[in-house]
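A.B. asks: Here is a sequence with its predicted model. Questions after.
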Amino acid sequence: MLLFLFRRLMQGLVVMFVISLISFSIQDNLGDPLREMVGQSVSEAERQQLRDELGLNDPFLTQYGRFITKAVQGDLGTSYFFKEPALDVILGKMPATLELVFAATLIIIIISVPAGVYCAIRPNSMLTRAILGISILGISVPVFLTAIFSIYLFSIELGWLPSYGRGDQLVPLFARWETGFLTSDGLKHLVLPAVSLASIMLPLFIRLIRSEMVEALSTEYVKFAKAKGLTKTRVYFLHALKNTMLPVITVGGVQIGTMVAYTILTETVFQWPGMGFLFLEAVNRVDTPLIVAYLIVVGGVFVVVNTLVDLIYGLINPTVKLAGGNA
Amino acid sequence: MKKLVKSLAGIALATSLALSVNAASLKIAYDSDPVSLDPHEQLSGGTLQMSHMTFDPVVRWGKDHGFEARLAEKWERIDDNTMRFHLRKGVKFHSGNILTANDVKWTFERLVSSPDFKAVFPAGTEVKVVNDQTFDLVTKAPYPLILNSATYIFPMDSKFYSGEDDKGRDKGLLKKHGDSFASRNQSGTGPYIITERQQGVKVQFERFADYWDKKSPGNVDEITLTPIKENATRVAALLSGGVDFIFPVPPNDHDRIERNSDTDLVTLTGTRVITLQLNQERVEAFKDKRVRQAIVHAINNEAIVKKIMKGFATAAGQQGPKGYAGFSEDLTPRYDLKKAKQLMKAAGFEKGFTISMMAPNNRYINDAKIAQAVAGMLRKINVTVDLKTMPKAQYWPSFDERAADIMMIGWHADTEDSANFTEYLTACADADSGWGQYNSGNYCNTAIDGLVKAAGKETDPAKRTEMLQQVERELYEDAAYVPLHWQNLAWGARKGVQAEDVVNVMNFPYLGDLVVSEK
Amino acid sequence: MSLLEVNDLCIEFPSRHGIAVAVKGVSFTVEKGEVLGLVGESGAGKSTVGNAIIDLLSAPGRVAGGKVTLSEETISGLSSEDIRKVRGRRIGFIFQDPMTSLNPLLTIETQLTETIIENLGFNGKQAFERAIEMLKSVGIPEPELRIKQYPHQFSGGMRQRVVIAIALAGEPELIIADEPTTALDVSIQSQILDLIRTLCKEREVGCVFVTHDMGVIANVTDRVAVMYMGELVELGTTEQILQRPEHPYTQSLISAVPRTDVKLHRFPRVEYIEKAETKAIDVKNHWLGQREDFGELKGDALLGGKTLLDVKNVELKFETQSAFFKKNRKYVTASDNVTFQIKDGETFGLVGESGSGKSTIARVIAGLYKPDAGSIEFAGRDITHLSERERMPFRRQIQMVFQNPYSSMNARMTVNDIIAEPIRFHKLAESEQKIRQITADLLDHVGLGQKSGIKYPHEFSGGQRQRISIARALATRPRFLICDEPTSALDVSVQAQILNLLKDLQDELGLTMLFISHDLPVIRQMCDRVGVMRYGTLVEVEETEKLFETPQHEYSRKLIELMPRVDQLSRAGLDIEEHREPALA
C-alpha cells in the first residue's frame, strides 16, 4: 500500500516534470506577455528592458533551469497579472473548482445511477427510450449552449437562480477555502454551473451504467442469485449493482479528472471564480507562469484522482491488491 | 407624521447627507478589473476607471470636450511654457492627510518615471511648487495640450506612500511586474475607498465619508465591481438583475437591453478608430498612391458599420473623431467601386495581385468579421487576400514583426487629441522619438510629420486646428491608411441608474456623481 | 408418485425471424434420492429444460406448453413471486462454472447466509452457524476462517463446493446441476461428483444432472435421458444407455466418446451431428505437399524417426508481484527444467491439470515466450534466441491451433482472407490467383468446402471454426503443429471429427504434432508418446499405451485412476487399432 502510494507519487512527479517541459517549451508561442502588461505608448526599447528584467530574453535552457530549480522548492513562478506566486493563485482558486466538480459529480451520481439501472432493468419501457434518446441529444449539445440556455431560462425568464459567480455568502472553512455549500445563496449559485458541467458527462454515465448493468444482469452469478430464491431488489441492487460500479468507477474517475478540464468553459460562462476560468484568462493575458503552473497542477490533480480511484477500486474489489506498477 | 419625515429629509439634504436617506448600492460588471491598485503601473482603461473612483484628477474632461475643475479649483496660463493650478483647500486623502502641492509634485515625478505614462507629458516637463495650494506645470517648449495631459494627474498621498513597507521596500516603489506596496494599498482623494479586492473576481468600494465634493449629487455608497469576461454572461447578469450596470454591451444584445422594460441602453459615439495599414515595404504596389486610393475606394466601410457593427459605430474617413481639433466635416467615407477599378487600371494592376492580411479576433468589436468583409470587398478589384486572424496574444508579436501586407490596428488617443493618431500610426518610423511605433504601413511623409511637430508647439487653438486639419486632409488624399470606423461605446443599466449623466467617450464613468433611484 | 414430473414440456424462443422451438414435448420423472442424467450436445436443449423448471429461461425464451410438478404440486406457470419461493427453498441449482457463479465482490458468508435467511427464515446468527455447518458438510476445511473470504481466494474445486453448499442451504427437495464439473480438473471433478452423489443419497434429494460428458454420466447417474435437437430421444438406465443404446443418435454419440480402454485408429463417423465431407488431395502433386524443403535446414536431420524438436532444460518464471527491490518480488514457476524430444512424424502429448505449465511450454516453442534458461532446438538448430527476422522461417514451420479459435480470428475478415493472411505474410505464393486456389483447396481439405471462404467467422459453429483455424495453420505448409487443447470447447461428436481430421492430415502430410490436453481419453486416442506435467515440471514421459496401462509416477497413476471411466461402453463397429490389442472384455 505504502509502496503503491510511493510509486504513484513518483509517477506523478514524472508526469508533472514532463508537463512542465512541454508547457515551458511552447510558451513562446502563446504570445508576448509584455503586450498585456504595458500601455500602447510604451516604446519597444522599454519593452525590451522589461523583458530583460523578467529574464524572457535568456536562452530556453537557462530559463527552464531557473524554473526547475525554483519548482523543486515549491515555487512555480510568479503570475504577471496577480503578482503573487502562481501556485498560491491557483490553490486559492482551487476550492471553487473543486466544489463545482464535486457538485457536478454528485448530480451525475444521483441521476445516472437510478436512470442507468432503470434502463437496464426495463430495456423496453417508454421511459428507457426517452432517457436514452435525451442522452444522445445531451451528448451532441455543446456545454456552452446548455449553459447559456439555462441562464436564459432560469435566471432571466424565471428569475429563480443567479446567473453568475458564487455569491457573497461564502463561509470560510479553513485556510483559503471558502465554501458555498453551507448557505442557501451559495447553493443557489452552484446549481446552474454544476448542472451545466454535469450535463457533459451525464449521458455518458447513464449509458455506461446501463450497459455495465445489462452485462452484470446477464452474468452467471446474478442468475445464480436468482436461483437461490433472492428477491429482485437484492439481486439488482446488491449483486448486480456492486459489480456494475467497478468499471464505472474506473471510467468515472478518469472522466471526473477530465471534468476539471471542462470547467474552463463552464466557469467562463458562469463567471465562476475557479481554476478553469483563471486559466482561460491567463491564456488571454499571456500570463505564462500561471499557464505553466496550471498545467502542472492539473497534471497533479489527474494523478491524485487516479490514485483515489484505484484506492476506491481496491476497497470495493477484493481481488485487487494495491502493490506496484501493474496494480 | 408625513410632515416630520419631509422636514427631516429637508434637513438631510441641506446638510448634504443625502447618502443616509436614499443611499444606494450598485453592482457593476465590466469586462475586466484593474490590474493593479497602483495608478501608474499600467495605462489601461481599467486603471483609469479605478483612478476616477479612488483618486481624483487635478482636472477632468467634461461632457463638451472641455475641462472641469476637480482638485484644482482654477488654473491660468502664466506664459507660453507655464500653467498655474490652484488646489482646493482642505481636501482630505483617505488616510486623513490633507492634500498639498507637494503631493502633486511627488505624484508627477512618479508618473513621468512610469514607462506607460511618461509619454503623456513632453519630455522635461516639471512641477514647481509655489505654495501648499499652488503649483506650476512647466514645459520645455510651448505645449498646447497641457490641460489634456493634466487629466492624468491623480494626486497620491505622498506621506502614505513614503517610508518602507513590512518587506523593507520603499512604499512608493513603482514596479511594472511583481509585488509592491502601491499595487495593493491606496490612499487617494476620490469618492470611493476599496474595502475588499479579489483580483479577477471582484472589487468592493465604499463611499469615502470625507470626500471633498459635497456638492456631488452622487448617492451610491457601495459599489461592487465584478469582472465578467463573457459577453453573454455579462448581459444575462444585467437582465436577470444580478448587476445594475455593465460595460461593454456587444452590438447583438443592444436590442434586448433596449426592449427590456427594466433596463436602459446608453450609447456614445466613441473615439477609438479602426484602420488598416498598407505595408509599402512589403508590397511594391502600395507605394503607388493610386493603388492605395483604389483600396480605400473599394472598401465599403459604411456597409461594414451597418451590417457587421449593426450601426454601432461611425464610418470614418479620417483618424480623429468629431470634436477633435483635426476633424473636418468633408473628409467622409468614399466607397466607389467603379473609381477603385479605374484607379487600379491606371496604376497597371487591372488584373490585381495577391497579398496577405492579418487581424486580431478578440481585440476589437467584431475584428475578425470586419477583416473577412474587407477581404471580400478587395476581391472585387481583383486583389486576392490571404487572411489570417488570431487572438491578440499572438497578434501583437506579429504586428511588431510587420508580418503581413495589410494589418489591422485600432487607436485611441491617450491625449484625446488629433495629433496623437499621426504620431503613432502614420508618422515616419523613428525608434528614438518613438514616432510611428505602430506604423506597420511604413508610410512616411516628412512634410506631414513637420506639421504635426509644429502643431505640438502651437498654443493658439485656431492655428493649431488649421494645421491638424491639414494633416488629416493630406493623409486622406494620399490614402496613407484605410480608415474604417470609430467604435461606439455602450453601457447597459438597470432603470433608475442614471448612467447617462456620468458616462463619457473616454470610458471612465464618473461614478462618484452617479445618482441611483430605487428599483 | 415421483418427486419431479415433467410432462410434455415445450419451450420456444420467439425472434424477429419467427419462433424457434428449443424443446419439444419432453417428459421425464425424478424420484427421491435419484440422479437423472440429462445428456446431449450443445443446442440439444438440456440446459434449457433445467432452467425452465425454475423459470430462469434467458429472454426471450418462454414455456409454450407442458406441465412441471414437484411433489404433486404444479410449479409451472406460477407468478414470478411464487416461483421465487420455490427457487432455493425447494429446488437448488448448481451452475457449470464455479468461477462465474459466485459474486466476486461479496464474501462467502454474505452469499451463503443470504440464501439461508431468505429460504429458512433464520436470523443472522443462526444463519451463520448453519452456513459453517454447510461448508463443513461439503468438505471445506477451516470453515470459520474461509467463510470470511472472497471467492477469488478459493480454488475452482473449493468454489464448486461452496456453490453446492449454497444450493443445498435451503434444504431443497430437488437439485438441478447444470454441467457442474465441466470446468474442473479431473481430480477435482471426481471429488465433486462423489460429493453430489453422496449428498443426494444421504438426504434423499432428487437430482437432475445436466451434462455432455459420458464419463461423468457413467459415474454418477442412475438413469439417463438423451436429448437431441430439443427432443428426448432415449430414456433408460445408465447401464442400458451406455452399453446397449437403441436410438441411432445415442449410438453415434457413444461411439464418439474418446475411450479410456482402447486406442482407436479413427473415430467412427458421427453422421447425426455435422455433415462434413473432407476431400482427399493427392498430396504429392499438390502445393501443400511441396514443402519448401526447409531451405534453411539441410542435411539428414530431416530423416524420419530422428528428433525434430528438442526441448532442453527449459525454465521460465513469471513475476506475480512486482516490487522495487528484486528480493521482494514474487514469482511463479511456469516451467522448471523441462526436457523432452519429439521425433519427426510423431504426435507427442502433454497432459496435466490447469496451471501445470503445458501451454507455457507450447508458447516457448512457438517463440511467444523467451525461456529464462534452457534451449529449444528445431531440426538441429537452436531457435531459442533468434531475432524476429531469423525466426521467420521457423514461424512458418511451427504453427499453432488454439483452444478457442474464435478469439484468434479477426471477426472482420472473411475466411478466405484469414487463411490467406499467413500465405501473404510469408510470401508463399506468387499470385493472388494462386492464393485463391490454395485457400479453396485448404477449405475443401478440412471439410468446409471452398464456398465457405466468403463468409465471416461468426457464421460458423465452434467445430467449423476449429476447422478454419486448422486450415490457417496449414496454409504455411508447416512441418510442426502445436495443438493447444484444440477440442476442449467442442462437443464430443465434433471433437471426434476434428481429431479424425488431425489424424488424417498427419498421415497425409507427415506432420509432427505436439498435442496438449487435460483430457486423458483424448490424449490416449491421439498420441504416440505422452509427457505428464505438474506444477511446471515434467514428471513422466512414456509411450501412450504403456503410460495408461502401467503408469510409473505416483501422480500419473493418480490421474489415470481418477479419470471418469466409461469402460462399459458399447464397442459395436469401432475401428480399434490392431497393433496394440489389449484383451477385450
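C.D. replies: Looks like it arrived, so ask away.
A.B. asks: How much space separates A:T258 from chain B?
C.D. replies: 22 Å (C-beta to the nearest C-beta, to the nearest Å). Using the backbone N, CA and C atoms, a C-beta is placed for each residue, glycine as well.
A.B. asks: so that residue, which of the three states?
C.D. replies: Recorded secondary structure, A:T258: helix (DSSP: H, G, I helix; E, B strand; the rest coil).
A.B. asks: Find the residue at the geometric middle of the chain.
C.D. replies: If you meant another chain, say so; for now it's chain A. With distances taken as C-alpha atoms, centre = their mean, chain A has A:V260 as the residue nearest its mean C-alpha position (1.7 Å).
A.B. asks: My question was about chain C, not that one.
C.D. replies: Most central in chain C (C-alpha atoms, centre = their mean) works out to C:S488, at 2.8 Å.
A.B. asks: Please list all residues in contact with that one.
C.D. replies: Contacts for C:S488 (C-beta atoms under 8 Å, 6 or more residues apart in numbering or on different chains) come out as C:403, C:517-519.
A.B. asks: Please repeat the previous calculation with a cut-off of 6 Å.
C.D. replies: If you count contacts by C-beta atoms under 6 Å, 6 or more residues apart in numbering or on different chains, C:S488 has them with C:Q403.
A.B. asks: how close does it sit to C:T182?
C.D. replies: Per C-beta to C-beta, to the nearest Å, C:S488 is found 10 Å from C:T182.
A.B. asks: Kindly indicate whether the residue nearest to the centre of chain C is helix, strand or coil.
C.D. replies: Put simply, C:S488 is coil when judged by three-state DSSP.
A.B. asks: Helices along the stretch 351-500 of chain C, start to end?
C.D. replies: Counting by DSSP state H, counting those that start in this stretch, residue ranges of the helices within the stretch 351-500 of chain C are C:358-366, C:388-397, C:415-425, C:432-445, C:462-474, C:492-509.
A.B. asks: Distance from the fourth one to the middle of the chain?
C.D. replies: So the one you mean is helix C:432-445. Its chain's average C-alpha position is 31 Å from that of helix C:432-445, according to C-alpha atoms, centre = their mean, to the nearest Å.
A.B. asks: one step back: which one of the helices of the stretch 351-500 of chain C lies closest to C:I91?
C.D. replies: helix C:492-509 (28.1 Å; C-beta to C-beta).
A.B. asks: For the closest one, output the C-alpha coordinates as PDB.
C.D. replies: Output of helix C:492-509 as PDB, limited to C-alpha atoms (Å, rounded to 0.1, in the frame of the first residue of the first chain):
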ATOM      1  CA  VAL C 492     -17.900 -34.800 -28.200                       C
ATOM      2  CA  SER C 493     -19.000 -35.700 -31.700                       C
ATOM      3  CA  VAL C 494     -17.500 -32.600 -33.200                       C
ATOM      4  CA  GLN C 495     -14.400 -33.400 -31.200                       C
ATOM      5  CA  ALA C 496     -14.300 -36.800 -32.800                       C
ATOM      6  CA  GLN C 497     -14.400 -35.300 -36.200                       C
ATOM      7  CA  ILE C 498     -11.700 -32.700 -35.500                       C
ATOM      8  CA  LEU C 499      -9.500 -35.400 -34.000                       C
ATOM      9  CA  ASN C 500     -10.100 -37.600 -37.100                       C
ATOM     10  CA  LEU C 501      -9.200 -34.600 -39.300                       C
ATOM     11  CA  LEU C 502      -6.000 -34.100 -37.400                       C
ATOM     12  CA  LYS C 503      -5.100 -37.700 -37.700                       C
ATOM     13  CA  ASP C 504      -5.800 -37.700 -41.500                       C
ATOM     14  CA  LEU C 505      -3.800 -34.600 -42.100                       C
ATOM     15  CA  GLN C 506      -0.900 -36.000 -40.200                       C
ATOM     16  CA  ASP C 507      -1.000 -39.200 -42.200                       C
ATOM     17  CA  GLU C 508      -1.200 -37.300 -45.500                       C
ATOM     18  CA  LEU C 509       1.300 -34.500 -44.800                       C
END
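A.B. asks: buried set for that helix?
C.D. replies: Going by neighbour count (16 or more other C-beta atoms under 10 Å in any protein chain shown), the buried part of helix C:492-509 is C:492-506, C:508-509.
A.B. asks: Isn't B:A419 up against B:V452?
C.D. replies: Yes. With contacts counted by C-beta atoms under 6 Å, B:A419 reaches B:V452, the gap being 5.2 Å.
A.B. asks: Pick out whichever of those two has more residues nearby.
C.D. replies: Just comparing B:A419 and B:V452: by other C-beta atoms under 10 Å in any protein chain shown the higher neighbour count belongs to B:A419, 26 against 21.
A.B. asks: Can you give the contact residues for the host helix or strand of that one?
C.D. replies: Taking DSSP states H and E as the definition, B:A419 sits inside helix B:418-421. Helix B:418-421 is contacted by residues B:319-320, B:324-326, B:411, B:413, B:452, B:455, B:468 when judged by C-beta under 6 Å, 6+ apart.
A.B. asks: count of residues packed around the one residue in the stretch 51-200 of chain A that gets nearest to chain C?
C.D. replies: Relative to chain C, the nearest point of the stretch 51-200 of chain A is A:P123 (9.0 Å; C-beta to the nearest C-beta). Using other C-beta under 10 Å, the number of residues around A:P123 comes to 14.
A.B. asks: per-residue confidence at it?
C.D. replies: On the pLDDT scale, A:P123 is placed at 83.
A.B. asks: With C:A323 instead?
C.D. replies: With respect to pLDDT, C:A323 scores 61.
A.B. asks: Kindly report the same for C:D575.
C.D. replies: So, for C:D575, pLDDT stands at 63.
A.B. asks: Then B:L225?
C.D. replies: Looking at B:L225, its pLDDT reads 92.
A.B. asks: State whether it and B:V201 are indeed in contact, as I suppose.
C.D. replies: No. The criterion here is C-beta under 6 Å, and B:L225 misses it with B:V201 at 10.1 Å.
A.B. asks: in chain C, what spans have low per-residue confidence?
C.D. replies: C:269-305, C:320-329, C:565-585 (pLDDT under 70).
A.B. asks: Spell out which residues of it are next to chain A.
C.D. replies: Chain C comes close to chain A at residues C:84, C:87-89, C:93, C:95, C:100-103, C:105, C:115, C:118-119, C:150, C:152, C:321-322, as judged by C-beta under 6 Å from any C-beta of the partner chain.
A.B. asks: that older thread, comparing B:L225 and B:V201, which residue is more hemmed in?
C.D. replies: A direct count of neighbours by other C-beta under 10 Å for B:L225 and B:V201 places B:L225 higher, at 26 against 21.
A.B. asks: Flag the shaky bits of chain B, pLDDT-wise.
C.D. replies: For chain B, the stretches flagged by pLDDT under 70 are B:1-22, B:177, B:518-519.
A.B. asks: Check it for its longest strand and report it.
C.D. replies: When chain B is scanned for its longest strand (criterion: DSSP state E), the result is strand B:263-278.
A.B. asks: Any figure for the gap between the residue nearest to the residue of the stretch 51-200 of chain A closest to chain C when sequence neighbours are not counted and chain C?
C.D. replies: Excluding the flanking residues, the one nearest A:P123 by C-beta to C-beta, 6 or more residues apart in numbering or on different chains is A:V214, at 7.4 Å. In this view, A:V214 and chain C are 11 Å apart by C-beta to the nearest C-beta.
A.B. asks: Measure how buried A:V214 is and give me the count.
C.D. replies: 16.
A.B. asks: per-residue pLDDT, it?
C.D. replies: As predicted, A:V214 sits at a pLDDT of 87.
A.B. asks: Spell out which helix or strand contains it, please.
C.D. replies: Using DSSP H and E, the element containing A:V214 is helix A:184-217.
A.B. asks: hang on, the earlier thing: let me see the backbone angles for the residue nearest to the centre of chain C.
C.D. replies: phi -60, psi -30 (degrees, to the nearest 10).
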